[in-house]
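here is my input, please return the structure:
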Amino acid sequence: MGGIGEIVLNGQLLAAVPIALAAGIVSFLSPCVLPLVPGYLGYIGGFVEASADAAEERRHRRRLVFGVLLFIAGFTLVFVTFNLLAGVAGAWFNAYGDAITRVLGLVLIVMGLVFIGQFTFLQRTIKPSWRPATGLAGAPLLGVVFGLGWTPCIGPTLAVVLTLSADSGSVWRSVLLGLAYCIGLGIPFLLVALGFGWVTGSLAFVRRHIRAINIIGGSLLIAIGLLMLSGLWTIWMYELQAVISGFVPAI
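Model (predicted):
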């Protein structure tokens, strides 16, 4: 099996995609994104008047969902580009893969400490003075601004995906990981825009327990970093690849 099959069934990728998805969700739940969600949605779709009838509310909902999809496309362009560059760098320095994996593991440990609440000077946003237009026309540009301006704040979770992309040493795998991260980050935005009641309740629960979520998320980052720093991550990925290689012919 070659080509796309080797990419999809790569052991490292199969382990990394769920991590990238989870990293995207955790980024959405971070203190620098979650509290601002109503503002993002209002900026994209506007606010419907209380006196609006059911038909007008449905039109507003459809407009909001489409705008959120454009917003997601905007930050997807940014984050996939970041991962593409990480994959290129990883492929370029593939000969030093083991040393790079250990260094990246150390970076993840630091990012985990940042996520828990240490080194707070690393958790900040860059807010450009330029603002895109409101509504659908500005939604993709708002996504780009979000991707660029909020990268330092969501850096600890984004660093996981960038690290896995660089460690993969493959441009296409890094793109897939970037897309997985954006799916994890974008789906909650879309669920909120769709107006599901259970989503509102879930977000209220998250806000009440945000500190515990940060500690758990940071601890997972540190655990992955320790695995990479010790070399166990590489060993496990090779073992997983061997299991997959032995299983595929039997399918």
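
next helix or strand past the lengthiest helix in the chain?
In the chain, taking DSSP state H as the definition, the longest helix is helix 54-92. Downstream of helix 54-92, the first helix or strand assigned by DSSP states H and E is helix 97-116.

report the mean per-residue pLDDT for that following helix.
For helix 97-116, mean pLDDT is 79.

in what helix or strand does the residue nearest to Arg102 when sequence neighbours are not counted lie?
Once flanking residues are discounted, Arg102 sits nearest to Leu229: 5.2 Å by Cβ to Cβ, 6 or more residues apart in numbering. For glycine as for every other residue, the C-beta is placed from the backbone atoms N, C-alpha and C. Leu229 is part of helix 210-230, with elements assigned from DSSP H and E.

just how off-centre is that helix within its chain?
Centre-to-centre, helix 210-230 and its host chain are 15 Å apart (Cα atoms, centre = their mean, to the nearest Å).

ok, stretch 102-114 next?
17 Å.

buried set for it?
Under the neighbour-count criterion of 16 or more other Cβ atoms under 10 Å, stretch 102-114 has 102, 104-105, 107-114 buried.

quick one: contacts of that stretch?
Stretch 102-114 is contacted by residues 119-120, 122-123, 155-157, 159-160, 163, 166-167, 218-231, 233 when judged by Cβ atoms under 8 Å, 6 or more residues apart in numbering.

just stretch 15-34 next, same as before
123, 125, 150, 153-154, 157-158, 160-161, 164, 168, 173, 176-178, 180-189, 203, 206-207, 210, 213-214, 217, 224, 236-237, 240.

pull that stretch out as CSV, backbone CA atoms only.
Extracted C-alpha coordinates of stretch 15-34, given in CSV (Å, rounded to 0.1, in the frame of the first residue of the first chain):
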residue,chain,number,x,y,z
ALA,A,15,-2.3,8.5,17.2
ALA,A,16,-1.9,12.2,16.5
VAL,A,17,-5.2,13.0,14.8
PRO,A,18,-7.3,12.5,18.0
ILE,A,19,-4.8,14.6,19.9
ALA,A,20,-5.1,17.4,17.3
LEU,A,21,-8.9,17.2,17.5
ALA,A,22,-8.8,17.4,21.3
ALA,A,23,-6.4,20.3,21.1
GLY,A,24,-8.8,22.2,19.0
ILE,A,25,-11.7,21.6,21.4
VAL,A,26,-9.5,22.7,24.4
SER,A,27,-8.5,25.8,22.5
PHE,A,28,-12.1,26.7,22.2
LEU,A,29,-12.6,26.2,25.9
SER,A,30,-9.6,28.3,26.8
PRO,A,31,-10.2,31.6,28.8
CYS,A,32,-9.1,33.7,25.8
VAL,A,33,-11.7,32.2,23.4
LEU,A,34,-14.8,30.9,25.3
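
quick one: distance of it to the chain centre.
5 Å.

low-confidence stretches in this structure?
1-13, 45-54, 56, 94-97, 118-135, 151-152, 197-201, 203, 237-251 (pLDDT under 70).

could you pull up the residues touching Ile116?
214-215, 218-219.

most neighbours among those, please name it.
Gly218 (22 neighbours; other Cβ atoms under 10 Å).

so that one sits against Val160, correct?
No - at 11.1 Å, Gly218 does not count as touching Val160 under the criterion of Cβ atoms under 8 Å.

which SSE is the residue nearest to Gly87 when sequence neighbours are not counted in?
Leaving aside its chain neighbours, Gly87 sits nearest to Ser174 (2.6 Å; criterion: Cβ to Cβ, 6+ apart). For Ser174, the element it lies in under DSSP H and E is helix 171-194.

how far does that helix sit from the chain's center?
With Cα atoms, centre = their mean, you get 6 Å for helix 171-194.

show me what contacts the residue nearest to Arg102?
Counting by Cβ under 8 Å, 6+ apart, Leu229 has contacts 102, 105-106, 109.
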